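Asks: Dropping a prediction and its sequence here:
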Amino acid sequence: MSFATSRSIASSRLRAWLRSSWATARRTAPARATTRRFCVGVSDGDASTSKTASTRVSALFACWPPGPDERETRSSISPGAMETERVTRIDSEPMACILLDVDGVLHVSGDPIPGAQQAVRRLRDTGHSLRFVTNNSTRPRAQLAEELRSLGFDLTDDELQTPALTAARELAGKRVLALVMAGVVPDLEGVELVGDSADAVLIGGCDETVEPNQVFSYMNLARAFSEIQMGADLYCLHKNRWWQTSRGPLLDAGAFVAGLEYATAVEATVLGKPSPAYFAAAIGVLQAEPALTWLVGDDVEADLHGAQMFGMRTALVRTGKFRPDTLERLDLRPDVVLSSIADLPEWLERSL
Ligand SMILES: [Mg+2]
């Protein structure tokens with residue numbers, strides 16, 4: 001399959017996906033993306049709302065990297081990586097915008113992936129634009145960023161994107177029944193948290209403590225069910241089925257979201273990965289063109305599906321959620337499969 005053909009298919013898949021999942025969301029469903037290019041300078045503070053995304057996607061010009069006329073494609077063979085697509089070469093500026101997933105790519109339960117800190121540093125030193133994209137919905141962004149810095153990763157708070165900040169913008173001023181870990185509440189500023197008569201129900205993710213026992217108790221889930229039955233919208237920070245910890249795979253809150261969807265016949269609006277709004281916000285902040293942006297992730301569903309639907313390049317790493325049979329079950333083709341993020345800088349230097 002040619003590069004152009006695969007991109008065309010990705011684009012049509014995105015449109016179909018937007019129609020099927022977003023068009024059915026009630027009331028505050030995000031606007032759909034209509035173009036792959038972004039140019040308007042967007043501050044981090046307003047980058048994650050669907051309205052902002054809608055404004056941004058109306059812009060027709062890519063500021064950077066250079067446009068299609070300055071690029072050419074070529075095949076690339078790498079002994080250390082499994083490549084399944086052609087590689088885009090940019091003659092004038094061999095730099096990329098790179099979205100780095102956090103859990104499973106940079107660390108697992110606070111244990112850094114070997115070589116990950118050095119890889120991030122080398123990517124910066126090379127001149128790539130980085131953004132850290134996480135579906136973590138259990139702690140405030142400032143704390144998450146501080147934890148990453150304590151592990152040796154070089155990043156600022158503003159470079160870390162979380163679904164809770166998207167929720168704060170999407171649900172500002174609304175009465176919300178929030179089944180979330182207490183740690184994420186500081187990032188929900190502007191949202192009125194209530195116990196009944198809610199405009200929306202918001203489901204967050206699980207952490208490794210006993211807190212999910214209380215947050216997702218039968219009483220709370222039944223309360224959420226009743227609110228949705230009475231007309232509240234259903235949102236979730238993500239819909240992850242499970243995540244990888246040092247104790248092994250743990251059940252995540254996607255099971256509770258799916259349970260409420262089943263019971264109420266109402267489809268949840270996902271605010272984190274793989275929602276287009278989340279990726280649009282990340283790309284907008286970097287003022288990037290999706291086709292020249294890389295997503296590095298360990299999660300085929302949350303990371304690679306969303307990114308590829310958006311027309312981005314994808315790198316799957318064999319860490320975190322990756323399993324030996326992951327490649328056999330893949331229903332998409334990542335541009336490259338790497339042993340870990342540690343291999344990314346050298347691979348990019350050879351390939352771009
Ligand atoms: Mg991950």
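Replies: Done, it's in. Residues are numbered from 1 along each chain as shown.

Asks: which residues does the spatially closest residue to residue 141 that is not a sequence neighbour contact?
Replies: Excluding the flanking residues, the one nearest residue 141 by Cβ to Cβ, 6 or more residues apart in numbering is residue 162, at 4.9 Å. For every residue, glycine as well, the C-beta is placed using N, CA and C. Applying Cβ atoms under 8 Å, 6 or more residues apart in numbering, we find residue 162 in contact with 134-137, 141, 144, 187, 272.

Asks: Would you mind giving those residues as CSV with secondary structure and distance to residue 327 added?
Replies: Formatted as CSV, the contacts of residue 162 follow (DSSP: H, G, I helix; E, B strand; the rest coil; distance: Cβ to Cβ, whole Å):
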residue, secondary structure, distance to residue 327
134, coil, 24
135, coil, 22
136, coil, 26
137, coil, 28
141, helix, 33
144, helix, 30
187, helix, 35
272, coil, 25
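
Asks: quick one: contacts of stretch 121-136?
Replies: 95-103, 106, 120, 144, 148, 154-155, 159-163, 205, 237-238, 240, 272-273, 278-279, 282, 285-286, 288, 295, 302, 344-345, 348-349.

Asks: what comes up buried for that stretch?
Replies: For stretch 121-136, the neighbour count (16 or more other Cβ atoms under 10 Å) marks 122-123, 128-136 as buried.

Asks: ok, now stretch 202-215?
Replies: Using 16+ other Cβ under 10 Å as the test for burial, stretch 202-215 gives 202-207, 212, 215.

Asks: what helix or strand does residue 346 sit in?
Replies: helix 344-351 (DSSP states H and E).

Asks: Any idea how far that helix is from the middle of the chain?
Replies: Average the C-alpha atoms of helix 344-351, do the same for its chain, and the two points are 23 Å apart (Cα atoms, centre = their mean, to the nearest Å).

Asks: Packing partners of that helix?
Replies: If contacts are counted by 3 or more Cβ pairs under 8 Å, 6 or more residues apart in numbering; DSSP states H and E, helix 344-351 sits against helix 116-126, strand 336-338.

Asks: Pairing partners for the last one, with directions?
Replies: By that I understand strand 336-338. strand 82-83 (antiparallel), strand 313-317 (parallel) (DSSP bridges).

Asks: Let me know which of the helices and strands packed on helix 344-351 is the nearest to residue 232.
Replies: For residue 232, the closest of the helices and strands packed on helix 344-351 is helix 116-126, at 40.4 Å, according to Cβ to Cβ.

Asks: Show me the helices in the stretch 151-300 of the chain, by range?
Replies: Per DSSP state H, counting those that start in this stretch, the stretch 151-300 of the chain carries helices over the ranges 163-170, 211-215, 218-229, 254-264, 276-286.

Asks: Reformat the ones you listed as a markdown table; add mean pLDDT and distance to residue 183.
Replies: Shown next, in a markdown table, are the helices of the stretch 151-300 of the chain (pLDDT from 0 to 100; distance: least, Cβ to Cβ, whole Å):
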| stretch | mean pLDDT | distance to residue 183 |
| --- | --- | --- |
| helix 163-170 | 90 | 10 |
| helix 211-215 | 97 | 8 |
| helix 218-229 | 98 | 17 |
| helix 254-264 | 98 | 18 |
| helix 276-286 | 86 | 20 |
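
Asks: Near the ion, which residues of the stretch 1-150 of the chain? Just list them.
Replies: By Cβ under 5 Å from the ion, the part of the stretch 1-150 of the chain that sits against the ion consists of 101, 103-104.

Asks: Among the residues you listed, pick out the one closest to residue 179, please.
Replies: Of those, the one sitting nearest to residue 179 (Cβ to Cβ) turns out to be residue 103, at 20.5 Å.

Asks: Okay, and the beta partners of the closest one?
Replies: residue 107.

Asks: OK, contacts around it?
Replies: 134-136, 243-244, 298, 320.

Asks: Quick one: buried ones out of the contacts of stretch 121-136?
Replies: Applying 16+ other Cβ under 10 Å to these flags 95-103, 106, 120, 144, 148, 155, 159-163, 205, 237-238, 240, 272-273, 278-279, 282, 285-286, 288, 295, 302, 344-345, 348 as buried.

Asks: What residue, apart from its backbone neighbours, is nearest residue 349 spatially?
Replies: residue 126 (6.9 Å).

Asks: before we move on, back to that, adding mean pLDDT as columns, could you present the helices and strands packed on helix 344-351 in TSV?
Replies: Formatted as TSV, those follow (pLDDT from 0 to 100):
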stretch	mean pLDDT
helix 116-126	97
strand 336-338	96
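
Asks: Whatever residue of the stretch 51-200 of the chain ends up closest to the ion: how many residues sit nearby?
Replies: Proximity of the stretch 51-200 of the chain to the ion (Cβ to the ion) peaks at residue 104, 3.5 Å away. For residue 104, the neighbour count with other Cβ atoms under 10 Å is 22.
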